[in-house]
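Participant: sequence first, predicted model second:
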Amino acid sequence: MRDFHSVLNEHRSIRKYKKTPVKKELIQKILDAGTRASSSGNMQPYSIIVTTDEDLKKELLPLHFNQSMVMDAPVLVTFCADFNRMRKWLKLNQAPENFDNLMSYLIGMIDATLASQNVALAAEAEGLGICFMGTTLASNKEISKVLKLPSHCVPVVGFSLGYPDEMPEKRDRLPLDGIVHYETYKDYSDTRIEEIYHQKETEGMKRYQKDPKLREMMREGGAENLAQVYTKLKYTRESHLNYSKDVFDCLEEAGFLHFQ
């Protein structure tokens with residue numbers, strides 16, 4: 001097992017996996033690490049869905065935008081904000097059945113995300129690879145149906161899991177002094193923004209220009225720099241507005257939008 005800081009600093013998103021199954025005992029071990037994450041009021045308002053069934057993965061594939069790792073990885077792990085379980089416990093104890101509002105969802109979402117990062121780190125320490133999938137949030141309404149989630153339980157974040165069959169280059173990160181603010185927030189000048197994003201722009205454009213598919217995608221989309229890649233190709237206003245509505249609808253159906 002690698003030391004903690006090596007695990008942190010050597011993280012890579014793994015999209016290609018060996019066919020080697022992950023033993024149930026190892027899955028249990030890394031999931032147990034997830035439950036040690038900080039939790040609001042120690043309520044642990046989250047559930048973890050482990051998917052290995054090939055037919056279920058096929059159903060999830062289009063919801064994860066047909067990313068090949070959904071089928072290639074032996075395991076998919078989905079973390080859900082879940083107050084269904086606690087509300088049942090409250091009812092059994094004649095306690096008010098609260099936690100049916102936006103604040104409750106946000107608490108569950110944060111706790112589920114904290115647990116997911118613990119599991120990811122534990123998995124990488126054991127020689128496994130993971131790749132977080134933002135599509136878990138984007139498709140949470142339909143994923144809820146496939147995973148048969150009850151009211152007050154919605155998907156928040158998920159990742160593929162297995163033994164890596166690739167070793168991609170590490171991605172750049174913004175410099176620490178561009179992220180950390182001491183005492184109060186110090187807003188950025190244009191010059192400082194250019195300094196902070198210089199390496200990301202340089203390395204990001206190298207990656208896009210080196211890959212023929214990414215290079216063609218930029219040409220077709222009219223993206224001339226990395227900033228435009230983000231907002232013209234990857235995260236457009238239209239797509240985020242649509243996803244926002246889908247998430248809102250999912251929360252409404254799950255019973256998390258009561259305001260009185």
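Facilitator: The structure has been received and is ready for your questions.

Participant: what residue is smack in the middle of the protein?
Facilitator: Per Cα atoms, centre = their mean, the C-alpha nearest to the average position across the chain is that of V157, at 3.9 Å.

Participant: now it: phi and psi?
Facilitator: phi -150, psi 150 (degrees, to the nearest 10).

Participant: off-centre distance for the helix or strand harbouring K88?
Facilitator: Using DSSP states H and E, K88 falls within helix 84-92. Averaged C-alpha coordinates place helix 84-92 at 27 Å from its chain's average position (Cα atoms, centre = their mean, to the nearest Å).

Participant: residues in contact with that helix: which ones?
Facilitator: M43, P45, S47, P96, E97, N98, F99, D100, P150, S151, H152, C153 (Cβ atoms under 8 Å, 6 or more residues apart in numbering). Just so you know, the C-beta spots here come from the backbone N, C-alpha and C atoms, and that holds for glycine as well.

Participant: wait, isn't M217 in contact with Q228?
Facilitator: No. The pair M217 / Q228 is not scored as a contact, 11.7 Å apart, by Cβ atoms under 8 Å.

Participant: now the lengthiest helix in the chain: mean pLDDT?
Facilitator: Counting residues, the longest helix in the chain under DSSP state H turns out to be helix 102-125. For helix 102-125, mean pLDDT is 98.

Participant: can you pull the buried residues of that helix?
Facilitator: Neighbour-count burial for helix 102-125 flags 104-105, 107-116, 118-125 (criterion: 16 or more other Cβ atoms under 10 Å).

Participant: buried residues, stretch 211-228. List them.
Facilitator: Those would be M218, A223, L226, for stretch 211-228 by 16+ other Cβ under 10 Å.

Participant: next, format the residues you listed as JSON lines and append pLDDT and secondary structure.
Facilitator: JSON lines is the format used below for the buried residues of stretch 211-228 (pLDDT from 0 to 100; DSSP: H, G, I helix; E, B strand; the rest coil):
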{"residue": "M218", "pLDDT": "92", "secondary structure": "helix"}
{"residue": "A223", "pLDDT": "93", "secondary structure": "coil"}
{"residue": "L226", "pLDDT": "94", "secondary structure": "helix"}
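
Participant: what's the spacing between G34 and M69?
Facilitator: 20 Å (Cβ to Cβ, to the nearest Å).

Participant: could you do A254 as well?
Facilitator: With the distance defined as Cβ to Cβ, A254 ends up 27 Å from M69.

Participant: so which of these two has more stuff around it?
Facilitator: Between A254 and M69, counted using other Cβ atoms under 10 Å, the more crowded position is A254 (24 against 21).

Participant: leaving out the residues flanking it, which one is nearest to the more buried one?
Facilitator: Once flanking residues are discounted, A254 sits nearest to V154: 4.9 Å by Cβ to Cβ, 6 or more residues apart in numbering.

Participant: and that neighbour, how many neighbours?
Facilitator: By other Cβ under 10 Å, 27 other residues sit near V154.

Participant: that one contacts E252, doesn't it?
Facilitator: No. Shown here, V154 and E252 do not form a contact pair, counting by Cβ under 8 Å, at 10.5 Å.

Participant: tell me the contacts of N98?
Facilitator: R87, L90, S104.

Participant: which single one of those residues is nearest to T135?
Facilitator: Nearest to T135 among the contacts of N98, counting by Cβ to Cβ, is S104 at 24.0 Å.

Participant: and that closest one, how far from G41?
Facilitator: 11 Å.

Participant: and R85, by the same measure?
Facilitator: From R85 to G41 the distance is 14 Å (Cβ to Cβ).

Participant: the more surrounded of these two?
Facilitator: For R85 versus G41, the count of surrounding residues by other Cβ under 10 Å is larger for R85: 16 against 8.
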